[in-house]
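Colleague: This is the structure alone, sequence omitted:
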């Protein structure tokens, strides 16, 4: 898989992807995809509601909170975001399947 996010090392990205195991389909978006993130910028993740995650979202949040990552992770359901954001994320975000 050739995936990269701005400001994340390959080691950090590996941790993120491991923590997303069982999350179903989703997209990375925000400054780590489109902008110029700072070292501690959060990582925005939109999960597809119909993606049938095999684990609860709260468990995913706990995984990230308990991880050694030096940045926060903001988990949302794509369907909870404004329509224009949904369209931008689907067109320009970085897709993953956890």
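Modeller: Cool, got the structure. Note that the structure is a prediction, hence the values are computed from the model and not measured.
Colleague: residues touching the nearest residue to residue 20 once chain neighbours are set aside, list them.
Modeller: Excluding its sequence neighbours, the residue lying closest to residue 20 (C-beta to C-beta, 6 or more residues apart in numbering) is residue 98, at 3.6 Å. Where you see a C-beta, it was placed from the backbone N, CA and C, and this is true even at glycine. By C-beta atoms under 8 Å, 6 or more residues apart in numbering, the contact set of residue 98 is 17, 20-26, 53.
Colleague: pLDDT-wise, what's the bottom of the residues you listed?
Modeller: Within the contacts of residue 98, residue 53 has the lowest pLDDT, namely 60.
Colleague: Quick check: residue 26 is in a helix.
Modeller: No. Judged by DSSP: H, G, I helix; E, B strand; the rest coil, residue 26 forms no part of a helix; its state is strand.
Colleague: got the contact list for it?
Modeller: 20, 45-48, 51, 78, 95-98.
Colleague: What of residue 47?
Modeller: Remark: with contacts taken as C-beta under 8 Å, 6+ apart, residue 47 is in contact with 23-26, 53, 57, 75-78.
Colleague: Going by neighbour count, which of those residues are buried?
Modeller: Buried by 16 or more other C-beta atoms under 10 Å: 23-26, 53, 75-76, 78, out of the contacts of residue 47.
Colleague: Can you tell me which of the contacts of residue 26 is nearest residue 32?
Modeller: Proximity of the contacts of residue 26 to residue 32 was ranked by C-beta to C-beta; the top entry is residue 45 with 9.8 Å.
Colleague: Does the closest one touch residue 27 like I think?
Modeller: Yes. With contact defined as C-beta atoms under 8 Å, residue 45 reaches residue 27; the gap is 7.3 Å.
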